[in-house]
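A.B. asks: Okay, predicted coordinates and the sequence, questions at the end:
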Protein chains: 2
Amino acid sequence: MKKIFLISTLLALTSARILAQQSLMPDRNTIISPEIHDDHSVTFRLFAPQAKEVRLVSDCLPEGKNFEDLQKDESGLWSCTVNKLNPELYGYTFSVDGVKVIDPNNVYFIRDVANVFNIFLIDGERADLYKVNDIPHGSLTKIWYQSPTLNKERRMTIYTPPGYESSKQNYPVLYLLHGMGGDENAWTELGRASQILDNLIARGAAKPMIVVMPNGHVIIDAAPGETADGFYKPNTFRLRGGFAGEMEKSFPDIIQFVEKNYRVKADKAHRAIAGLSMGGLHSIAISANYPNTFDYIGLFSAATPQENEKIEVYHNLDQKFKLQKENGYQLYWIGMGKTDFLYQNGTLFRNKLDEIDMKYTYYESQGGHTWRNWRIYLSEFAPLLFKEKESEK
Amino acid sequence: MKKIFLISTLLALTSARILAQQSLMPDRNTIISPEIHDDHSVTFRLFAPQAKEVRLVSDCLPEGKNFEDLQKDESGLWSCTVNKLNPELYGYTFSVDGVKVIDPNNVYFIRDVANVFNIFLIDGERADLYKVNDIPHGSLTKIWYQSPTLNKERRMTIYTPPGYESSKQNYPVLYLLHGMGGDENAWTELGRASQILDNLIARGAAKPMIVVMPNGHVIIDAAPGETADGFYKPNTFRLRGGFAGEMEKSFPDIIQFVEKNYRVKADKAHRAIAGLSMGGLHSIAISANYPNTFDYIGLFSAATPQENEKIEVYHNLDQKFKLQKENGYQLYWIGMGKTDFLYQNGTLFRNKLDEIDMKYTYYESQGGHTWRNWRIYLSEFAPLLFKEKESEK
């Protein structure tokens, strides 16, 4: 009896503590938002009796529609329902009388540079790869490595596949790089990399592999809030250094750290590198500057390099590509969205590869420079990696 | 030149993409909030020209003060300044015309059950332990383990100290348990466990140790959003199972997994267990039911067990405590806040220990049942662990 009393007290306390911070929102805990209906329509709700205008801002709205107005009922609860949505991971926020409001009834949100937004998932089709399913899960580690080239410690994220801890086998490695606005958290938070790999591996569609996600901005050591810089406001303008060749130059430090500390197959046939946007540029340059290192290269909406004799990794590019071609590789994969602002750059780059007869696989999708596309590209690219050659079977 | 152009385009795009989602907040990117001044006063700001009332809700306000009104200037920017604050990690949200608003200019926030709030840190004194400092950092892993007792896979968080990867030595282990509202993410997110351990170890104030943070609710496998249940709304009422003895019963599965997969000193002298609230109850029961397993026990604002013959781990408690006492231990540490709602329970429990002459160390702090206290208790407790005995030197 005393024990039951104690539990009730704990429950009451927990609720009281929450409500104490939200005493102005009495109805909050009974509100469900977003509510995903069986037909994949979605209802959004916000309790805001004093507001004059509440809007939904979301990439779940039809293209070209910037917002959807919510309607207020007599109790002060605003709501709107969006019609049947395709399977996808969507983002949204509310705008209440002009102020951006994270949905207080949805605790799932992501940060992209300085922009925080709620998320929800409509499952089915490819989006099932983005879900946590009831299957074996890999491990995800935030780890600091020493970079002798940059003379500092830096943070990265490493995914090891299910069974890594209990097995004694060695694994192939995919180095997966983010874009200009990203950091070592981007691929797992915005890109759902753990879920995509867990699901592909469970289906037998991809080989078990280690995925290494470093921080591509050499002027910072880690994601915002994870360094001695404290809780500063993220800003892409301080990150121009990502295009100065330093990430590429210091990349061997990362490979050496991984190959020393993880059970990996440390050869070209078992190394892949892929990246989005700026990380695509890095992938091009790293694989060309260390031309016998990667058998698999993936470019997702990639920025493309320009010859620059002042930056070693961007110097003599034509020669480097030719050498890379002569040394051989298994896959040079290029993904691009039809409306990507880098589309034309991508076409010029492919023309250049055509000129020197450097083979590649090209995948063109709808849409532009978005995480929606980068999740698609990862789920297309990963299954193509580390196919055993006849001689190894 | 082309390269410079490309960088500018990328920058413009990134900004455009952010602004596209926040087109109703044109001044957002120039606003700093919170701004921490040299004298440790803090200014909060929110751009909300149409709002009628903006309030700050925060634990940085004087005790008994539930909110502070912000004042509006002619441009629609609301602000308030809170006087010189003591070093601490603080939480806050805004209330805009009655709607809870996460500060859109601060990307640092934490979830506690279903309550999301921004954070900021005033450094100095003990709060320096909560900062990321320019020192070696341990690794943090989210890992799934098989529990044969519960017949399912479950998720936990494991901290390994700086140097773990490169050394060959074995380490002692602290098992660190959360409370009723928590999960395997709570101690690192709300409790700043990684930062506290990194800092204590760097100062030489604590031994390098592994910290294992499992999920204490056996009816769920992992934190909200990390299971096949999807993105549901967290609610403590579904978690009553935490008091049914199942966590304690299945705890050997966790120890076995850790001792099989990590380089640990697998003996009583190098095992500690500590927990807050419900996790304190678990720590009492686990250390008493496996009485020759832990030399160090920490109870942080602990719930306390009641004799219950229907639940094996809560049966014959007096005998179990006596056996634990006879077998011996190095430290039985109890931390409690003066205004904690469990204060009286704690006093009764200490009386019980006194009756059987079971030694403990008692630490009483200001305040109540809060993460502020639990961070203090961890930073007091960790330095006391794994002291070498004379015979081992």
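C.D. replies: Alright, I've got the coordinates. Numbering: from 1, shown residues only, chains lettered A, B, ... in the order given.

A.B. asks: drop to CA atoms for contacts and neighbour counts, all remaining ones
C.D. replies: Noted.

A.B. asks: quick one: secondary structure of A:Gln146?
C.D. replies: strand (DSSP: H, G, I helix; E, B strand; the rest coil).

A.B. asks: residues touching the residue lying closest to it once chain neighbours are set aside, list them.
C.D. replies: Distances taken as C-alpha to C-alpha, 6 or more residues apart in numbering or on different chains put A:Glu153 closest to A:Gln146, at 4.4 Å, once the chain neighbours are dropped. With contact set as C-alpha atoms under 8 Å, 6 or more residues apart in numbering or on different chains, A:Glu153 has these partners: A:144-147, A:221, B:136.

A.B. asks: Likewise for A:Ala127?
C.D. replies: A:87-89, A:121.

A.B. asks: strand partners of the helix or strand hosting A:Phe94, parallel vs antiparallel please.
C.D. replies: In this structure, A:Phe94 sits in strand A:88-96 according to DSSP states H and E. Under the criterion DSSP bridges, strand A:88-96 sits next to strand A:54-58 (antiparallel), strand A:99-101 (antiparallel), strand A:115-122 (antiparallel) in its sheet.

A.B. asks: Angles on the backbone of the residue of chain A at minimum distance from chain B, please.
C.D. replies: Chain B sits closest to A:Thr141 of chain A, with a gap of 4.1 Å, by C-alpha to the nearest C-alpha. Dihedral pair for A:Thr141: phi -120, psi 140, per degrees, to the nearest 10.

A.B. asks: Please apply the same query to A:Ala202.
C.D. replies: phi -60, psi -30.

A.B. asks: That one - nearest residue in space that isn't next to it in sequence?
C.D. replies: Using C-alpha to C-alpha, 6+ apart, the nearest residue to A:Ala202 is A:Ile135, at 6.6 Å.

A.B. asks: Can you check the pLDDT for the one you found?
C.D. replies: The model reports A:Ile135 with a pLDDT of 97.

A.B. asks: and what of A:Val116?
C.D. replies: The model's pLDDT for A:Val116 equals 94.

A.B. asks: Surely it is in contact with A:Phe109?
C.D. replies: Yes - when contacts are counted by C-alpha atoms under 8 Å, A:Val116 is listed as touching A:Phe109 (6.7 Å).

A.B. asks: So for the two, which sits in the more crowded spot?
C.D. replies: A:Val116 (24 against 17; other C-alpha atoms under 10 Å in any protein chain shown).

A.B. asks: OK, contacts around the more buried one?
C.D. replies: Contact partners of A:Val116, counting by C-alpha under 8 Å, 6+ apart, are A:102, A:109-110, B:104, B:107.

A.B. asks: bridging residues for it?
C.D. replies: A:Arg111.

A.B. asks: That one and B:Ala288, how far apart?
C.D. replies: 45 Å (C-alpha to C-alpha, to the nearest Å).

A.B. asks: Quick check: beta-bridge partners of the residue of chain A closest to chain B?
C.D. replies: Bridge pairing for A:Thr141 - DSSP bridges - gives A:Ile158, B:Thr141.

A.B. asks: which ones are touching it?
C.D. replies: Counting by C-alpha under 8 Å, 6+ apart, the residues that A:Thr141 touches are A:157-159, B:139-142.

A.B. asks: In these, find the pair that's most separated.
C.D. replies: Greatest spacing in those, by C-alpha to C-alpha: A:Tyr159 and B:Ser139 (12.9 Å).

A.B. asks: before we move on, the earlier item: filter the contacts of A:Val116 down to the buried ones.
C.D. replies: A:102, A:109-110, B:104, B:107 (16 or more other C-alpha atoms under 10 Å in any protein chain shown).

A.B. asks: Please enumerate the helices of the stretch 1-150 of chain A.
C.D. replies: A:2-20 (DSSP state H, counting those that start in this stretch).

A.B. asks: mind exporting the strand holding A:Phe94 as PDB, just the C-alpha atoms?
C.D. replies: Extracted in PDB, the C-alpha atoms of strand A:88-96 (Å, rounded to 0.1, in the frame of the first residue of the first chain):
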ATOM      1  CA  GLU A  88       8.200  10.200 -46.400                       C
ATOM      2  CA  LEU A  89       9.900  11.800 -43.400                       C
ATOM      3  CA  TYR A  90       8.400  15.400 -43.200                       C
ATOM      4  CA  GLY A  91       9.300  18.500 -41.300                       C
ATOM      5  CA  TYR A  92       7.100  21.300 -40.000                       C
ATOM      6  CA  THR A  93       6.700  24.200 -37.600                       C
ATOM      7  CA  PHE A  94       3.800  26.400 -36.700                       C
ATOM      8  CA  SER A  95       3.700  30.100 -37.200                       C
ATOM      9  CA  VAL A  96       1.600  31.800 -34.500                       C
END
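
A.B. asks: And that strand, how far out from the chain middle?
C.D. replies: 17 Å (C-alpha atoms, centre = their mean, to the nearest Å).

A.B. asks: Let me see the residues that make contact with that strand.
C.D. replies: So strand A:88-96 is contacted by A:51-60, A:100-103, A:117-123, A:126-127, A:130, A:372, B:24 (C-alpha under 8 Å, 6+ apart).

A.B. asks: redo that, cut-off 7 Å
C.D. replies: Residues outside strand A:88-96 that contact it (C-alpha atoms under 7 Å, 6 or more residues apart in numbering or on different chains) are A:51, A:53-60, A:100-103, A:117-123, A:127.

A.B. asks: Next: stretch A:300-319.
C.D. replies: So stretch A:300-319 is in contact with A:245, A:275-278, A:280-281, A:285, A:289, A:334-337, A:342, A:345, A:349, A:369, A:374, A:377, B:3, going by C-alpha under 7 Å, 6+ apart.

A.B. asks: For it, could you pull out the residues that count as buried?
C.D. replies: Quick answer for stretch A:300-319 (16+ other C-alpha under 10 Å): A:300-305, A:312-315, A:317.

A.B. asks: what does stretch A:126-133 give?
C.D. replies: Quick answer for stretch A:126-133 (16+ other C-alpha under 10 Å): A:127-133.

A.B. asks: out of the buried ones among the contacts of A:Val116, which are inside strands?
C.D. replies: Residues of the buried ones among the contacts of A:Val116 located in strands (DSSP state E): A:109-110.

A.B. asks: low-confidence ranges in chain A?
C.D. replies: Where chain A drops to pLDDT under 70, the residues are A:1-29, A:237-238, A:389-393.
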